[in-house]
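In: With the sequence up front, the predicted model follows.
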Amino acid sequence: MIDIERHRQDLTTWGITRIDQLFSLAEVESARDPIVRIGAKHGLHSATGWERSQSRFTGAKEFRAAVNALTHSDSFPNLVTPDLLDLAERLLGESVTLMPPGQQILFTLPGASSWSVPHDVWHVDAPRSGKNISPGLQLFAFLDDVEPTGGGTLAVAGSHHLLNHAGQLRSKEFKRRLAREPYFRSLFNPDRDPIARLDETQGKIGDVNVRVMELTGRAGDAWFMDLRILHSPAPNAADSARMMLTCRLPGTSVGTNWY
């Protein structure tokens with residue numbers, strides 16, 4: 001039984017919450033297996049596991065295109081079921097809709113020689129509307145285990161509380177405004193010392209507590225994240241690929257004009 005009130009409190013306080021074993025192993029295997037087959041076809045996966053990549057986040061262009069095309073295939077499972085939408089609606093407190101292009105695969109080959117919190121690629125998927133309300137949720141579902149330093153998305157928990165009354169702000173302007181604060185100025189600084197420990201990222205902006213969280217979990221686990229949360233892809237310094245599925249679920253009250 002999912003404790004809806006506890007997860008709603010997490011979303012209110014931190015803007016992010018994890019639900020263990022939301023999906024069955026059969027469901028995630030049906031999504032993971034075709035990705036593995038494509039990896040084998042492109043010489044990136046064998047009986048010994050995944051090849052390590054020299055690029056920052058993914059693999060060859062042809063492999064990425066084939067993986068991205070999977071979600072448009074009739075043979076790929078749809079994990080965004082009516083039950084999932086109902087759960088998202090109970091967490092958000094209003095009806096949701098599936099934002100185009102629907103479910104998407106997140107994939108990162110192993111390959112990073114070390115792991116640290118990146119200074120770049122931080123962004124939000126929903127602009128600030130000038131109102132202190134959540135525009136919706138983003139789902140991150142694990143198709144395989146993702147351990148710490150294994151490429152899991154990084155999120156600045158608590159950042160959904162910031163600049164909600166500053167008018168309409170797109171991602172670039174939102175990030176520029178955040179950089180006025182010492183916490184974010186340091187986070188975005190390419191010349192800062194590497195941050196390898198997440199307990200070093202705790203801070204406070206006014207009366208708002210913030211900290212960087214790493215989206216890790218077992219196959220079948222899922223995170224729900226407020227669409228206003230600042231987040232970033234992360235390097236994969238583990239031995240296995242990061243395989244996740246994501247989709248964005250805006251509340252129907254925000255309409256479609258903001259995306």
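Out: Great, that's in hand.
In: C-alpha only now, for contacts and for neighbours.
Out: Will do.
In: tell me which residues form a beta bridge with the closest residue to F224 other than its chain neighbours?
Out: Excluding the flanking residues, the one nearest F224 by Cα to Cα, 6 or more residues apart in numbering is L139, at 4.8 Å. Assessed by DSSP bridges, L139 has beta-bridge partners F224, C247.
In: For L139, grab the count of nearby residues.
Out: L139: 23 surrounding residues under other Cα atoms under 10 Å.
In: From L91, how far out is it?
Out: Here L139 is placed at a distance of 12 Å from L91 (Cα to Cα, to the nearest Å).
In: try I105
Out: Distance of I105 to L91, given as Cα to Cα: 23 Å.
In: now swap in H42 and tell me
Out: Distance, H42 to L91, by Cα to Cα: 40 Å.
In: So for these two, which sits in the more crowded spot?
Out: Of the pair H42 and L91, L91 is the one with more neighbours under other Cα under 10 Å, namely 20 against 14.
In: Let me see the residues that make contact with the strand or helix carrying that one.
Out: Counting by DSSP states H and E, the element that carries L91 is helix 82-92. Residues outside helix 82-92 that contact it (Cα atoms under 8 Å, 6 or more residues apart in numbering): 4-5, 7-8, 95-97, 134, 136-137, 249, 251.
In: On the three-state scheme, the residue nearest to H231 when sequence neighbours are not counted is what?
Out: For H231, ignoring the flanking residues on the chain, the nearest one in space by Cα to Cα, 6+ apart is A155 at 4.1 Å. Here A155 is strand, with the state taken from DSSP: H, G, I helix; E, B strand; the rest coil.
In: mind listing what A155 touches?
Out: 212-215, 229-232.
In: what's the answer for I38, then?
Out: Listed by Cα under 8 Å, 6+ apart, the contact partners of I38 are 63, 66-67.
In: for it, phi and psi?
Out: phi -60, psi -40 (degrees, to the nearest 10).
In: burial count for A234?
Out: Neighbourhood size, A234 [other Cα under 10 Å]: 25.
In: Would you check that it makes contact with L154?
Out: Yes - assessed by Cα atoms under 8 Å, A234 is found in contact with L154 at 6.4 Å.
In: what about the closest residue to G130 other than its chain neighbours, neighbour count?
Out: Nearest non-adjacent residue to G130, counting by Cα to Cα, 6+ apart: G167, 3.9 Å away. G167 has 12 neighbours, counted by other Cα under 10 Å.
In: do the one 3 residues further on as well
Out: Residues lying near R170 (other Cα under 10 Å) number 17.
In: swap in the one 4 residues further on?
Out: F174 is surrounded by 20 other residues when neighbours are defined as other Cα under 10 Å.
In: contacting residues for it?
Out: Each residue near F174 by Cα under 8 Å, 6+ apart is listed here: 127-128, 163.
In: buried residues in the helix or strand hosting it?
Out: Assessed by DSSP H and E, F174 sits inside helix 171-178. By 16 or more other Cα atoms under 10 Å, the buried positions in helix 171-178 come out as 171, 174-175, 177-178.
In: distance from the centroid: which residue in this protein tops it?
Out: In the chain, the residue that sits farthest from the middle, by Cα atoms, centre = their mean, is A47; the gap is 28.7 Å.
In: any idea how far D191 is from that residue?
Out: Noted for A47: a distance of 40 Å to D191, by Cα to Cα.
In: can you check G102 too?
Out: Distance from G102 to D191, counting by Cα to Cα: 37 Å.
In: quick one: which of those two has more around it?
Out: G102 (15 against 9).
In: Just give the closest residue to that one, not the sequence neighbours.
Out: G102's closest residue in space is C247 (Cα to Cα, 6+ apart), at 5.7 Å.
In: which stretches of the stretch 151-259 of the chain form helices?
Out: Along the stretch 151-259 of the chain, the stretches classed as helices by DSSP state H, counting those that start in this stretch are 171-178, 182-187.
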